[in-house]
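1. Sequence and computational prediction follow.
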Amino acid sequence: MNDPLVPDSAFPELPPGAFAKLDGGDDADFYAQARLVTHIDDAAVAALTAFYRQVLPVGGVLLDLMSSWVSHLPDDVAYAEVIGHGMNTAELGANPRLTRWFVRDFNQDPTIPLPEASVDAAMICVSIQYLQRPAALLAEARRVLKPGAPIVISFSNRCFPTKAVAVWRALDGTGHARLVDIYLRRAGFAETAIHRLLEGWGSDPLTVVVGRTLELDDVS
């Protein structure tokens with residue numbers, strides 16, 4: 001694994017320790033306990049589900065990265081497959097939307113065991129703040145996405161602070177959105193867009209950053 005105290009070559013502008021965590025212990029131990037709770041409130045869940053309804057392709061193959069026991073997908077929309085990834089087998093096994101899933105610590109091994117251009121859309125819900133090698137993992141997501149396919153990265157102001165990387169802890173919501181946008185661009189996504197879904201007045205704030213791969217016609 002890359003040393004999080006050494007600057008990531010994908011982000012030379014960040015200082016040493018930008019991807020360090022307060023808790024440097026094994027992530028597998030931290031996530032060994034199943035947490036069958038939602039990490040955003042009901043209003044934020046509803047806003048995210050409505051956004052998914054607009055952006056994720058009906059009948060497509062979805063990749064739910066850093067998932068849990070719930071994927072927040074619209075109940076009345078069918079997808080060809082929903083492939084899940086996470087760190088806890090009990091949580092993934094309890095998720096009724098997943099057709100298959102795998103467990104992997106992306107901070108140790110940021111690879112995705114799927115063929116190139118095999119996925120119609122990908123999601124990372126309220127977990128991007130824990131990645132210590134975000135460009136490497138998102139480049140893998142770009143590899144498995146079909147041309148023009150979206151990746152939807154959502155986040156709020158909640159996190160496990162001891163497991164969030166230092167650069168995330170140092171920023172506010174606007175900074176988080178800009179940071180995720182940079183993550184996507186450094187990973188090779190050609191198009192990005194920031195959507196502020198909820199400001200946090202009476203609910204959790206919620207922001208979504210969408211990256212898209214190049215369409216075939218745009219590839220030289």
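-> Structure received. Numbering: from 1, shown residues only.

2. What are the boundaries of the strands in this structure?
-> Taking DSSP state E to define them, one finds strands in the chain at 61-65, 81-86, 100-103, 121-125, 150-155, 191-198, 206-212.

3. export those to a markdown table and tack on distance to His176, mean pLDDT and mean neighbour count?
-> The way it works is simple: take the backbone N, C-alpha and C, and place the C-beta from them, glycine included. Formatted as a markdown table, those follow (distance: least, Cβ to Cβ, whole Å; pLDDT from 0 to 100; neighbours: other Cβ atoms under 10 Å):
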| stretch | distance to His176 | mean pLDDT | mean neighbour count |
| --- | --- | --- | --- |
| strand 61-65 | 18 | 98 | 24 |
| strand 81-86 | 22 | 98 | 21 |
| strand 100-103 | 26 | 97 | 13 |
| strand 121-125 | 13 | 98 | 25 |
| strand 150-155 | 6 | 98 | 24 |
| strand 191-198 | 10 | 97 | 16 |
| strand 206-212 | 7 | 98 | 23 |
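
4. export the ones you listed to CSV and tack on distance to Gly93?
-> Converted to CSV, those look like this (distance: least, Cβ to Cβ, whole Å):
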stretch, distance to Gly93
strand 61-65, 14
strand 81-86, 10
strand 100-103, 8
strand 121-125, 18
strand 150-155, 23
strand 191-198, 29
strand 206-212, 27
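
5. so where's the chain uncertain?
-> For the chain, the stretches with pLDDT under 70 are 1-7, 34-38, 216-220.

6. Could you find the closest non-adjacent residue to Leu63?
-> Leaving aside its chain neighbours, Leu63 sits nearest to Ala122 (4.2 Å; criterion: Cβ to Cβ, 6 or more residues apart in numbering).

7. just Leu22 next, same as before
-> Leaving aside its sequence neighbours, Leu22 sits nearest to Thr162 (Cβ to Cβ, 6+ apart; 4.4 Å).

8. mind listing what Arg178 touches?
-> Counting by Cβ atoms under 8 Å, 6 or more residues apart in numbering, Arg178 touches Leu171.

9. can you pull up the bridge partners for the residue minimising distance to the centre of the chain?
-> With distances taken as Cα atoms, centre = their mean, the residue of the chain nearest its centroid is Ile124 (2.3 Å). Ile124 has the following beta-bridge partners by DSSP bridges: Leu65, Ile153.

10. Contact partners for it?
-> With contact set as Cβ under 8 Å, 6+ apart, Ile124 has these partners: Leu65, Met66, Ile151, Val152, Ile153, Ser154.

11. now those residues in JSON lines, with distance to Ile40?
-> As requested, the contacts of Ile124 are arranged in JSON lines below (distance: Cβ to Cβ, whole Å):
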{"residue": "Leu65", "distance to Ile40": "17"}
{"residue": "Met66", "distance to Ile40": "14"}
{"residue": "Ile151", "distance to Ile40": "19"}
{"residue": "Val152", "distance to Ile40": "14"}
{"residue": "Ile153", "distance to Ile40": "14"}
{"residue": "Ser154", "distance to Ile40": "8"}
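
12. of these, closest to Val208?
-> If you rank these by distance to Val208 using Cβ to Cβ, Ser154 comes first, at 4.7 Å.

13. Would you confirm that the closest one contacts Thr49?
-> No. Counting by Cβ atoms under 8 Å, Ser154 sits too far from Thr49 to count as a contact (10.6 Å).

14. Count the neighbours of Arg53 for me.
-> Using other Cβ atoms under 10 Å, Arg53 is surrounded by 13 other residues.
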